[in-house]
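Peer 1: coords please:
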Amino acid sequence: MGGQSLQLVRTKFERLGKRIALSGLVSRHEAEQALREGRVRVNGVVASNNFQVPDTSSVHMDDIPIPAPEVKLWAVNKPKKVLCSLEEKDDIKTIRTLMQRWREEDTRRSGKTINQIKGADDRDLKHFNIVNSLGISEEGIVLLSNCGHTANILRDPSSNIESVYMVRVRGTVNADVFRSWRPGVKAHGKWYGHVLAHINRRAEESTWVRVALIDRPNCSLYDLFQSVNLDIQRLRRLQFGHYRATGIPEENLLQLEVHKTIKHLIPKREERDALVPIISPALIQEKIRQQDTVATRII
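Peer 2: Here you go, the predicted structure:
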């Protein structure tokens with residue numbers, strides 16, 4: 001190890017590409033591309049392979065520090081007429097463009113520029129994974145994660161995370177039909193599982209119905225209600241698991257604590273004893289200086 005001092009520690013490990021992706025700066029694919037291009041340093045040394053590194057290692061990409069890996073969750077209250085996408089589109093609002101607008105408005109109210117505001121803002125992160133999408137005409141709570149694997153687990157029906165919706169329907173509502181859904185219901189050849197629906201309030205031409213179920217792929221509430229001659233006019237997701245829309249501020253991105261009821265679903269990372277170098281900021285800077293000097297001579 002070239003005389004470098006080592007210490008024995010108990011630490012977790014993660015592959016470089018995933019650690020960078022979990023930071024939210026770039027996607028996993030872009031992180032691996034950065035490795036191939038020599039833009040990543042571990043403890044001051046350029047790393048070109050996607051190897052496992054302990055959490056204690058100092059990792060930088062393009063001179064930006066990459067924190068130790070941590071699965072994170074956020075939530076937004078998606079309005080209607082907004083596409084559930086994290087890409088920018090010219091012809092329609094998306095969650096990404098909303099976050100940019102919220103960030104700009106907060107900055108303008110502060111009287112400062114974005115560069116003058118100290119501290120990281122999660123709305124500036126480039127990479128999220130949508131946990132529970134909503135259609136463009138729908139509204140309500142949408143969860144995001146920095147971990148694609150976690151997002152897949154949380155949306156999987158086998159995780160048994162219940163969603164609660166408030167829907168406004170047009171047509172003749174029969175409460176007995178809703179009661180028949182409780183043991184489980186099949187519509188248009190698709191199994192929806194247990195569905196708890198009850199009338200919340202009636203209006204002159206429509207009825208508000210509260211619905212609780214476990215979301216399943218290709219099982220649309222629109223199809224379920226149409227199977228009993230009811231048309232959904234409005235749909236709002238009120239709750240996903242223990243996360244409620246009422247706890248999410250309007251026009252903002254809120255980081256969530258991982259609730260105790262889903263902690264067992266978060267993938268566990270490997271932890272073991274390892275000999276790791278004792279790294280100081282001064283030593284890292286010296287290694288960078290030496291590598292840059294060598295590179296300059298080669299050029």
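
Peer 1: give me the phi and psi angles of Asn146.
Peer 2: phi -90, psi 0 (degrees, to the nearest 10).

Peer 1: if you could redo that for Thr207, that was the one I meant.
Peer 2: Main-chain dihedrals, Thr207, degrees, to the nearest 10: phi -140, psi 140.

Peer 1: residue contacts, it?
Peer 2: By C-beta atoms under 8 Å, 6 or more residues apart in numbering, the residues touching Thr207 are Arg168, Val169, Val173, Ile199, Arg201. (C-beta placed from N, C-alpha, C; glycine too.)

Peer 1: now with 10 Å?
Peer 2: By C-beta atoms under 10 Å, 6 or more residues apart in numbering, the contact set of Thr207 is Val167, Arg168, Val169, Arg170, Gly171, Thr172, Val173, Ile199, Asn200, Arg201, Leu230, Gln233.

Peer 1: verify the stated contact: Asp215 with Glu162.
Peer 2: Yes: using C-beta atoms under 10 Å, Asp215 is in contact with Glu162, at 8.7 Å.

Peer 1: where in the stretch 101-250 of the chain is pLDDT low?
Peer 2: Scanning the stretch 101-250 of the chain for pLDDT under 70 picks out 112-120.

Peer 1: same thing but 90
Peer 2: Residue ranges of the stretch 101-250 of the chain with pLDDT under 90: 101-127, 172, 202-205, 249-250.

Peer 1: please verify my assumption that Pro277 contacts Leu8.
Peer 2: No: Pro277 is beyond contact range of Leu8, at 11.7 Å (criterion: C-beta under 10 Å).

Peer 1: so these two - more neighbours on which side?
Peer 2: Higher neighbour count among Pro277 and Leu8: Pro277, with 19 against 9, using other C-beta atoms under 10 Å.

Peer 1: circling back to that earlier point, list residues touching both of Asp215 and Glu162?
Peer 2: Residues touching both Asp215 and Glu162 by C-beta under 10 Å, 6+ apart: Phe240.

Peer 1: circling back to that earlier point, any chance of JSON lines for the contacts of Thr207, columns neighbour count, distance to Val142 and secondary structure?
Peer 2: Output for these, formatted as JSON lines (neighbours: other C-beta atoms under 10 Å; distance: C-beta to C-beta, whole Å; DSSP: H, G, I helix; E, B strand; the rest coil):
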{"residue": "Val167", "neighbour count": "24", "distance to Val142": "17", "secondary structure": "strand"}
{"residue": "Arg168", "neighbour count": "18", "distance to Val142": "20", "secondary structure": "strand"}
{"residue": "Val169", "neighbour count": "22", "distance to Val142": "22", "secondary structure": "strand"}
{"residue": "Arg170", "neighbour count": "15", "distance to Val142": "26", "secondary structure": "strand"}
{"residue": "Gly171", "neighbour count": "16", "distance to Val142": "28", "secondary structure": "coil"}
{"residue": "Thr172", "neighbour count": "10", "distance to Val142": "32", "secondary structure": "coil"}
{"residue": "Val173", "neighbour count": "19", "distance to Val142": "28", "secondary structure": "coil"}
{"residue": "Ile199", "neighbour count": "14", "distance to Val142": "26", "secondary structure": "strand"}
{"residue": "Asn200", "neighbour count": "13", "distance to Val142": "22", "secondary structure": "strand"}
{"residue": "Arg201", "neighbour count": "10", "distance to Val142": "25", "secondary structure": "strand"}
{"residue": "Leu230", "neighbour count": "21", "distance to Val142": "25", "secondary structure": "coil"}
{"residue": "Gln233", "neighbour count": "14", "distance to Val142": "21", "secondary structure": "strand"}
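
Peer 1: and of the residues you listed, the nearest to Arg109?
Peer 2: Of all the contacts of Thr207, the one with the least separation from Arg109 (C-beta to C-beta) is Arg168, at 34.5 Å.

Peer 1: name the helix or strand for the closest residue to that closest one other than its chain neighbours, please.
Peer 2: Distances taken as C-beta to C-beta, 6 or more residues apart in numbering put Arg234 closest to Arg168, at 4.2 Å, once the chain neighbours are dropped. Here Arg234 sits within strand 231-240, counting by DSSP states H and E.
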